[in-house]
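K.L.:
No sequence on hand, only this structure:
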């Protein structure tokens, strides 16, 4: 472990420690999260998912930042993606149990709302996760890839967010072999669906936070995808 890794870990510990040491800080977070869920979703993903990308950059290049990477614009994009993720959580956690009721599992909504850990609740959580990751996730992942490429092509400048995104050109330049074979075909069924099944078994107030922490893992997975994309 290099000195910069130690500094990174220490900085993370300093930022997170108040939530574990001071009850008032945790209570303030829980209260603000309950009253302003969308704002907190923006902040959580802007911070945690961007941290994942920074770690991914460290894996790829050996550095936590470099010229043209654009931490700030990436954080802003992740904040807005976080809003769509919160929206997806609400839509699918409501719609998927209703779909199960439509299929004949009459107590699906009540089972999901209950606190008991039962096979039925696992089934509902899995259904929510599977539908969300098969319908919403590929679109979000592709949009994230497009915005990342846009930022890179403007040398990481924050002003890139005010410039038109050449969607067609960027989409034609995406390595769809990696996007399909790794990002979609491997990470969705083998990581994201199981991980978000766990997410939907958690109390509602912790789901988006846990999902944002999973964003750190996303950065690592994207790093491996980028490395794979460079291979012949």
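P.N.:
Thanks, I have it. All values derive from a computational prediction rather than experimental measurement.
K.L.:
Give me the distance between the two termini of stretch 41-54.
P.N.:
19 Å (C-alpha to C-alpha, to the nearest Å).
K.L.:
who touches that stretch?
P.N.:
12, 64-65, 71, 74-76, 78-83, 85-86, 208-209, 212-213, 215-220, 222 (C-beta atoms under 8 Å, 6 or more residues apart in numbering). From N, CA and C alone the C-beta is placed, and that goes for glycine too.
K.L.:
7 Å - rerun?
P.N.:
64-65, 71, 74-76, 78-79, 81-83, 85-86, 208-209, 212-213, 215-220, 222 (C-beta atoms under 7 Å, 6 or more residues apart in numbering).
K.L.:
for stretch 95-114, same thing?
P.N.:
Counting by C-beta under 7 Å, 6+ apart, 118, 120-121, 124, 127-128, 131 sit against stretch 95-114.
K.L.:
how about a cut-off of 8 Å?
P.N.:
Under C-beta under 8 Å, 6+ apart, the answer for stretch 95-114 is 93, 118, 120-121, 123-125, 127-128, 131-132, 200.
K.L.:
ok, back up a step: so which of the contacts of stretch 41-54 belong to helices?
P.N.:
71, 74-76, 78-79, 81-83, 85-86, 208-209, 212-213, 215-220, 222 (DSSP state H).
K.L.:
which of the contacts of stretch 95-114 count as buried?
P.N.:
In the contacts of stretch 95-114, burial by neighbour count holds for 93, 120-121, 123-125, 127-128, 131-132, 200, counting by 16 or more other C-beta atoms under 10 Å.
K.L.:
Secondary structure, distance to residue 50 and pLDDT added to the residues you listed, as TSV?
P.N.:
What follows is the buried ones among the contacts of stretch 95-114, written out as TSV (DSSP: H, G, I helix; E, B strand; the rest coil; distance: C-beta to C-beta, whole Å; pLDDT from 0 to 100):
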residue	secondary structure	distance to residue 50	pLDDT
93	helix	25	95
120	helix	37	95
121	helix	32	95
123	helix	34	96
124	helix	31	97
125	helix	27	96
127	helix	30	97
128	helix	26	97
131	helix	27	98
132	helix	22	97
200	coil	24	94
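K.L.:
of the residues you listed, closest to residue 179?
P.N.:
Distances from residue 179 to these, taken as C-beta to C-beta, are shortest for residue 132 (18.8 Å).
K.L.:
ok, for the closest one, nearest residue in space, not its chain neighbours?
P.N.:
residue 92 (4.1 Å; C-beta to C-beta, 6 or more residues apart in numbering).
K.L.:
Would you mind confirming that the one you found is in contact with residue 126?
P.N.:
No - using C-beta atoms under 8 Å, residue 92 is not in contact with residue 126; the gap is 11.8 Å.
K.L.:
Who has more neighbours out of the two?
P.N.:
residue 92 (22 against 18; other C-beta atoms under 10 Å).
K.L.:
Taking the contacts of stretch 95-114 together, which two end up most distant?
P.N.:
118 and 132 (21.0 Å).
K.L.:
Show me what the strand or helix carrying residue 143 is packed against.
P.N.:
Assigned by DSSP states H and E, residue 143 belongs to helix 137-153. Contact analysis of helix 137-153 by 3 or more C-beta pairs under 8 Å, 6 or more residues apart in numbering; DSSP states H and E lists helix 71-102, helix 167-173 as its packing neighbours.
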